[in-house]
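**Student:** 3D, please:
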Amino acid sequence: MTTISQDLIDQCRDKLIQTKSDILNRVQEARRNLATEEKGGDEGDQTVRALAESEFLRMNERLRKQLVEIEMALHRIDQGTYGICEETEENIETDRLLAIPWTRLSIEGAEIRESMDKRYASTR
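**Tutor:** Residues are numbered from 1 along each chain as shown. Got it, this is the predicted structure:
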């Protein structure tokens, strides 16, 4: 296992911080849009508003999970364990880190995890 270059770590940290900022801005904007919608209206308007609120909650949950992953990646950078696959304990591929800087698994590690998930899913 070779060490990951500081330049790659710095690039990934910058991407993580930028993505975190983008997510927080999206949530704030969606919250503002939802808050400015008119209350009341007929049954159709209320249904549309309920659907918008439901979509907002689903989006919020997805973004919250992504924020947790980003925070964990930033913590791994601080701890010196960034870029190491949780499954294989080998370095995660550079292209993968640049594409998904919060990833915790190499391609091989993701395949192993997926096959384990399938195996255990079929026994339930």
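
**Student:** Contacts only, for Gln66.
**Tutor:** Thr19, Ile23, Trp102 (Cβ atoms under 8 Å, 6 or more residues apart in numbering). For the C-beta atoms, the positions are set from N, CA and C on the backbone; glycine is no exception.

**Student:** and the spatially most central residue of the chain, backbone torsions?
**Tutor:** A centroid search over the chain (Cα atoms, centre = their mean) returns Gln66, at 2.3 Å, as the residue closest to the centre. Main-chain torsions, Gln66, degrees, to the nearest 10: phi -70, psi -40.

**Student:** Distance of Val68 relative to Ile23?
**Tutor:** 11 Å (Cβ to Cβ, to the nearest Å).

**Student:** So Ile77 is in contact with Arg13, correct?
**Tutor:** Yes: contact criterion Cβ atoms under 8 Å: Ile77 and Arg13 qualify, at 5.6 Å.

**Student:** pretty sure Ser47 is in a strand, no?
**Tutor:** Careful, residue 47 is Thr and not Ser. No: assignment of Thr47 by DSSP: H, G, I helix; E, B strand; the rest coil gives helix, placing it outside any strand.
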